[in-house]
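Q: below are the sequence and a predicted model for it; my questions follow.
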Amino acid sequence: MSVRQKNIVLIGFMGVGKTTIGELVAKKLYRTFIDVDKEIEKDFGMTIPEIFEKHGEPFFRDYEKKKTCALAEEKLKVLSIGGGAFVQPEIRQACLDNCVVFYLDMAWEEWKERLDMLIDSRPVLQTRDITEIEELFYKRQDAYSINHSTLTISNRSAEEVADFIVDSLKHTWDMYEPMND
Ligand SMILES: Nc1ncnc2c1ncn2[C@@H]1O[C@H](COP(=O)(O)OP(=O)(O)O)[C@@H](O)[C@H]1O
Ligand SMILES: O=C(O)C1=C[C@@H](OP(=O)(O)O)[C@@H](O)[C@H](O)C1
Ligand SMILES: [Mg+2]
């Protein structure tokens, strides 16, 4: 597949801005944006917390695996995936094989300021105290560290990060597949 046709996937911990930044990147590249969590919510007619509540986390992870792997194989999309998705080896492989994977990396000190804003919509945060959330934050970094490009996004606006992603993609595309005049 041409490098220009590959999907772009944003990964990283809950609340770092994958959905917000993904939507901006898609607009700037005139691509379709897909938020995998929103697709799952549409499929069930329920919010993510409701799916966790009714069916449990293992069921959610299994559905997330099927949905994310299928979407990763499309072309020319910008995808934001759930913060826990990339921990699943099958999802990681599908994304790394078919897409350009950007990891949005944020410092814990900055992330923890977002906790209050996130907790109602992220069931994974509701069953853990702050120490356990911090452990999960660092544990997930092992999976996130396998990517095509790591962006340190602390103290950057969503717009700045999106512009950086678009510029770096254009640079890569021109390097590997220069456009004819
Ligand atoms: N760069 C940013 N700076 C400040 N707030 C942000 C930034 N990116 C996202 N946000 C805010 O953080 C919250 C979580 O963002 P979201 O895009 O849903 O993250 P994710 O998809 O990674 O869980 C939202 O309220 C969003 O407006
Ligand atoms: O990290 C996780 O385990 C989760 C992250 C959420 O997505 P965001 O990363 O977009 O918040 C959502 O998939 C679900 O609540 C589980
Ligand atoms: Mg999201």
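A: In hand now; what should we look at? Residues are numbered from 1 along each chain as shown. Ligands and ions are numbered 1, 2, ... in the order given.
Q: need the residues of this structure near ligand 1, please.
A: Residues of the chain lying close to ligand 1 (CB under 6 Å from any ligand atom) are 12, 14-20, 80, 114, 117, 156-158, 161. C-betas here are computed from N, CA, C, even on glycine.
Q: which of those residues count as buried?
A: Buried subset of these (neighbour count, 16 or more other CB atoms under 10 Å): 12, 14, 15, 16, 17, 18, 19, 20, 80, 156, 158, 161.
Q: what sits against residue 164?
A: Contact criterion CB atoms under 8 Å, 6 or more residues apart in numbering gives 151, 156 as the residues in contact with residue 164.
Q: which SS state does it fall under?
A: Under DSSP: H, G, I helix; E, B strand; the rest coil, residue 164 falls in the helix class.
Q: need the pLDDT of whatever residue of the chain ends up closest to ligand 1.
A: In the chain, no residue comes nearer to ligand 1 than residue 17, which is 2.8 Å away by CB to the nearest ligand atom. Per-residue confidence (pLDDT) for residue 17: 98.
Q: what of residue 1?
A: Turning to residue 1, the model gives it a pLDDT of 85.
Q: over to residue 171?
A: Among the per-residue scores, residue 171 shows a pLDDT of 94.
Q: do residue 177 as well
A: According to the model, residue 177 scores 84 on pLDDT.
Q: pretty sure it is touching residue 1, no?
A: No. Using CB atoms under 8 Å, residue 177 and residue 1 do not qualify as a contacting pair, with a distance of 11.2 Å.
Q: what ranges do the strands span in the chain?
A: Per DSSP state E, the chain carries strands over the ranges 7-11, 32-35, 77-80, 99-105, 149-152.
Q: any weak-confidence spans in this structure?
A: Along the chain, segments meeting pLDDT under 70 span 180-181.
Q: who in this structure is up against ligand 3?
A: Counting by CB under 5 Å from the ion, the residues of the chain close to ligand 3 are 18, 19.
Q: recalculate using a threshold of 8 Å.
A: When proximity is defined by CB under 8 Å from the ion, the chain lies next to ligand 3 at 14, 15, 18, 19, 20, 22, 35, 37, 80, 82, 83.
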